[in-house]
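S.K.: The sequence isn't on hand, but the structure is:
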């Protein structure tokens, strides 16, 4: 059987003892069970007061738009303004995310909303991020009915809402959030780390946006009354 | 008691440009050491080593170490030979504990010339003077294996009248690479063309360096291109030993 | 003498004479090289992170069998089917079987170097499927019938005018007079064409950057998002990975991810880093219905116990080739191998045999830049030298080169013979130069003098002169 052959060749090359060395197995199981962080650079451990600025700057450097909203209630109008200024259709596809559903959409009646995964005809999609990572200007998206993955890839314009309080310093902090939500060792079907619009440099070395994924990424960072997640 | 320095001249200096060896000896003496030239030295073994001939490399390493017995330091006017002796001799002896111990002890005494003068002897004045612009080429071995870049520049800063200019793309290989230059001459040429272009753009009178192989390569290219830029080993300028023409230049050419 | 299939020298010569290739390569120093330097300057912990990354990879390789089994368990728990393949043939057949079972006629592909290595595309096409590369660079080389010339920028050797010509030649269903003057025009055209393929494909096949044992997830890192669409839209998703792609935990992956884009493109992070763990779950509105992970050995397991094991640390960032003077001079195709540049020089002989690939580890000046920039500190020059040792033992180098080296070593081991022979040789050379400072041509160094003058020696050896000056003075 191929599996046995491959594993046997590996074990022979490594000079593993037969029968298996129990301490070796135990050491591996220990490492898998306990999250051992490696060096976290200083830029990934800034205090929260600096993280939002760092997050915003990083996203803008990667050609994403960053819009501030003073409260969740201001998100619909921020979206409507963004799409209006960009000359984009006022029609959003979004998932079943209860946070998004509870926003005061009645204040922007011109904004049409449709629910479900993205299809080829959808021009603009809206997702809610589980977290943001300041170190690299990254949004953390979890798949599921609340925020279908296709929203992040099929439409030309993707808008992601993220709470200021949910902007953590390092990628490792984001993983801890996922673990807290789903349990250790568990992942959603798809965990997407998005750090900008789609881009390619494959034609003559020139960077062009919108290779396959969205050409435009707009991130709405909204304030809430909650304290910051993770380290202050 | 003055330290006893074994000068490992390197085969290229021995054969092609002995004036570099004399310049190196002068500088080492000026730094307050006694210079000896171990008679049994020939080649550090790098050509054999890089060609995969471990047996001959090992034999030459043992011979070199034997020849240099009794020296407090072994100093070479070459980053690649010094790196060979300092870093690779111990690796070569892997599998033979006593030989490896000997190589490790030997390695502690080995220095490239500019590194020896600056780091060990803390030399702050040099005999040479030079009125004009020079550029310094950082050979790959010295740069990456021994971390040498500041030391030759520190010494050149002591040379009265000298203006140091830096070439663009300084960290790029000149294409010598020992036997690489004759095994893959067309690729080697592509590389030295870039180095020569950088040299011409910086427009110094001299290109200096710490490795004669690289300098012969660059000088040969500049000469083929009809450039007047001269190439010398940095020891020649530091020691004020400029009587011989630059590498590849005819004897009757004027200029430094 | 074996007929070497790779014929590096001829390819290199052609590459050096290829003006448009040279123009494309000229962009590397100011581009990917400068970008990495800037990223490193922004991250003071860069060197310490390289040490951590190297240690993570070494630990994983020492326990590769256990981590592969752990990955298999977790991946299966999230609904993926994990297949192992010893050889390229087994991998091809396993993937074909999955595609057949899915009645696949159209297969969309995200970039996978391993799939190149095993010759997957032609195998699937021979069985009647249409295979479309969706990474824009891979799509371009597919249109041209070429292989990728760089592991992260497959079409780096093609300029915009060539790409436009290729599009015009192959996209015959589009208006002849359409505008294809600038890169955005071409990207828009490719986006529209490939979108149809994403939506219509029966099976999506991607490579992977990491397999995470802790969670059974496959990590795909892209800037385009094509990998995500390939993994998302078709009903079946197949991941092709070589055995050493596994890493233990999310934290280990985080450290490697931290260095991957910074080393390869200078970005802190690529646009998309995606962790995929299995097919659609209850309530998932999108995603594939079936996920497969095909884990390929193809000679790597044997390397684990050899002096070449460090090459398996590689995380496919491309930094080594970006910084390699040889790669910068001749580009990737000259290597005539799936993997180019310094990583290719070490890996290719391991995968296809030194007899075929002997030029690759030999065509290096050992400048050491590759090792300096490798995020996991693979000692590439040392490994190339190890291949040269194998080469030397097999006596496959050209006779003239071997004879010259043997003569040199013979003399060098005998100091008195050496000093005498060299004195005579340099005196003869000096006389042959007839007062000139250099030789314009020299029969024994034709390779050198083809392009450069060969400096004449000063005429005496150092030892000869030193003995004259010092012997009288010595005690």
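M.R.: All right, it came through fine. This one's a predicted model, so the numbers in the text were calculated from it and none came from an experiment. Numbering: from 1, shown residues only, chains lettered A, B, ... in the order given.
S.K.: Just the pLDDT for residue C:6.
M.R.: Here, the pLDDT recorded for residue C:6 equals 61.
S.K.: now swap in residue C:462 and tell me
M.R.: 97.
S.K.: how about it, what does it touch?
M.R.: When contacts are counted by C-beta atoms under 8 Å, 6 or more residues apart in numbering or on different chains, residue C:462 touches B:9, B:13, B:14, B:18, B:21, B:22, B:37. Every C-beta, even on glycine, is put in place using the N, C-alpha and C of the backbone.
S.K.: and residue C:466, that one's in a helix?
M.R.: Yes - assessed by DSSP: H, G, I helix; E, B strand; the rest coil, residue C:466 belongs to a helix.
S.K.: My guess is it contacts residue B:21. True?
M.R.: Yes - counting by C-beta atoms under 8 Å, residue B:21 is a contact partner of residue C:466 at 7.1 Å.
S.K.: which neighbours do those two share?
M.R.: residue B:37.
S.K.: can you narrow the contacts of residue C:462 to ones near chain C?
M.R.: Applying C-beta under 8 Å from any C-beta of the partner chain, the subset of these adjacent to chain C comprises B:9, B:13, B:14, B:18, B:21, B:22, B:37.
S.K.: Quickly find the element holding the fifth one.
M.R.: Looking back up the chat, that one is residue B:21. Element membership for residue B:21, per DSSP states H and E: helix B:18-30.
S.K.: Mean confidence (pLDDT) on that helix, please.
M.R.: Helix B:18-30 shows a mean pLDDT of 98.
S.K.: what sits up against it?
M.R.: With C-beta under 8 Å, 6+ apart as the test, helix B:18-30 has contacts from B:5, B:7, B:9, B:13-14, B:35, B:37, B:75, B:77, B:113, B:116-117, B:123, B:126-127, B:212, B:233, B:235-236, B:238-239, B:241, B:243-244, C:458, C:460-462, C:465-466.
S.K.: Just the pLDDT for the closest residue to chain B within chain A.
M.R.: Among all residues of chain A, residue A:15 sits closest to chain B, at 17.7 Å; criterion: C-beta to the nearest C-beta. On pLDDT, residue A:15 comes in at 95.
S.K.: Regarding residue A:199, what are the backbone dihedral angles?
M.R.: Here is the backbone geometry of residue A:199 (degrees, to the nearest 10): phi -150, psi 160.
S.K.: from memory it sits against residue A:207, does it?
M.R.: Yes - counting by C-beta under 8 Å, residue A:207 is a contact partner of residue A:199 at 5.7 Å.
S.K.: Hmm, residue A:61 is touching residue A:137, no?
M.R.: Yes - counting by C-beta under 8 Å, residue A:61 does reach residue A:137; the two are 7.2 Å apart.
S.K.: higher neighbour count, the two?
M.R.: Using other C-beta atoms under 10 Å in any protein chain shown, the more surrounded residue of residue A:61 and residue A:137 is residue A:137, with 25 against 13.
S.K.: The closest residue to the more buried one other than its chain neighbours is in what secondary structure piece?
M.R.: Excluding the flanking residues, the one nearest residue A:137 by C-beta to C-beta, 6 or more residues apart in numbering or on different chains is residue A:58, at 2.6 Å. Following DSSP H and E, one finds residue A:58 within helix A:48-61.
S.K.: got a list of contacts for that helix?
M.R.: Here helix A:48-61 makes contact (C-beta under 8 Å, 6+ apart) with A:43, A:46, A:66, A:132-137, A:164, A:167-169, A:195-196, A:217, A:219, A:221, A:228, A:231-232, C:268.
S.K.: Which PyMOL command selects the buried ones in these?
M.R.: Here is the PyMOL command that selects only those of the contacts of helix A:48-61 that count as buried (16 or more other C-beta atoms under 10 Å in any protein chain shown):
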select buried, (chain A and resi 43+46+66+132+133+134+135+136+137+164+167+168+169+195+196+217+219+221+228) or (chain C and resi 268)
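S.K.: Now intersect the contacts of helix A:48-61 with the helices, please.
M.R.: Nothing among those maps onto helices, per DSSP state H.
S.K.: List the ones among the contacts of helix A:48-61 that fall in strands.
M.R.: Members of these lying in strands (criterion: DSSP state E): A:66, A:132, A:133, A:167, A:168, A:217, A:219, A:221.
S.K.: Turn those into a markdown table, including distance to residue C:432 and pLDDT.
M.R.: As requested, those are exported to a markdown table (distance: C-beta to C-beta, whole Å; pLDDT from 0 to 100):
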| residue | distance to residue C:432 | pLDDT |
| --- | --- | --- |
| A:66 | 72 | 98 |
| A:132 | 73 | 97 |
| A:133 | 68 | 98 |
| A:167 | 74 | 96 |
| A:168 | 73 | 97 |
| A:217 | 69 | 98 |
| A:219 | 73 | 98 |
| A:221 | 77 | 98 |
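S.K.: So of the residues you listed, which two are at opposite extremes in space?
M.R.: Farthest pair in the ones in strands among the contacts of helix A:48-61 (C-beta to C-beta) is A:168 and A:217. Separation: 19.3 Å.
S.K.: returning to that earlier point: please, a ChimeraX command that selects the buried ones among the contacts of helix B:18-30?
M.R.: Only the buried members of the contacts of helix B:18-30 end up in this ChimeraX selection, burial being decided by 16+ other C-beta under 10 Å:
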select /B:5,7,9,13,14,35,37,75,77,113,116,117,123,126,212,233,235,236,238,239,241,244 /C:458,460,461,462,465,466
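S.K.: Would you pull up the residue in the stretch 101-250 of chain C closest to chain A?
M.R.: For the stretch 101-250 of chain C, C-beta to the nearest C-beta, closest residue to chain A: residue C:225, 2.7 Å.
S.K.: Check the stretch 51-200 of chain B too.
M.R.: residue B:95 (17.7 Å).
S.K.: And that residue, how far from residue B:54?
M.R.: 10 Å (C-beta to C-beta, to the nearest Å).
S.K.: who's more crowded, these two?
M.R.: residue B:54 (19 against 7).
S.K.: Model confidence for the residue nearest the centre of chain A, exactly?
M.R.: For chain A, residue A:140 is the residue whose C-alpha lies nearest the centre (C-alpha atoms, centre = their mean; 1.9 Å). Residue A:140 carries a pLDDT value of 97.
S.K.: Just give the nearest non-adjacent residue to it, would you?
M.R.: Nearest non-adjacent residue to residue A:140 (C-beta to C-beta, 6+ apart): residue A:131, at 4.3 Å.
S.K.: I figured that neighbour was touching residue A:167, is that so?
M.R.: Yes - contact status for residue A:131 versus residue A:167: in contact at 7.2 Å, counting by C-beta under 8 Å.
S.K.: if I look at the residue of the stretch 101-250 of chain C closest to chain A, how far off is residue C:316?
M.R.: Using C-beta to C-beta, we find residue C:225 at a distance of 18 Å from residue C:316.
S.K.: Residue C:29 now?
M.R.: Separation of residue C:29 from residue C:316 (C-beta to C-beta): 22 Å.
S.K.: So between these two, which is more surrounded?
M.R.: Neighbours per residue (other C-beta under 10 Å) separate residue C:29 from residue C:316, with residue C:316 holding more: 20 against 17.
S.K.: where's the closest residue to residue C:397 other than its chain neighbours, which helix or strand?
M.R.: Distances taken as C-beta to C-beta, 6+ apart place residue C:391 nearest to residue C:397, at 6.4 Å, with adjacent residues excluded. Element membership of residue C:391, judged by DSSP H and E, is helix C:380-394.
S.K.: quick one, phi psi at residue C:118?
M.R.: According to degrees, to the nearest 10, residue C:118 has phi -90, psi 0.
S.K.: Spit out the contact partners of it.
M.R.: C:88, C:89, C:91, C:92, C:240, C:296, C:298.
S.K.: and of these, the nearest to residue C:448?
M.R.: After measuring those against residue C:448 - C-beta to C-beta - the closest member comes out as residue C:298, at 40.0 Å.
S.K.: Can you pull the phi/psi pair for that closest one?
M.R.: Taking degrees, to the nearest 10 as the convention, residue C:298 sits at phi 50, psi 40.
S.K.: What sits closest to it if chain neighbours are left out?
M.R.: residue C:88 is the one closest to residue C:298 (C-beta to C-beta, 6+ apart), at 5.2 Å.
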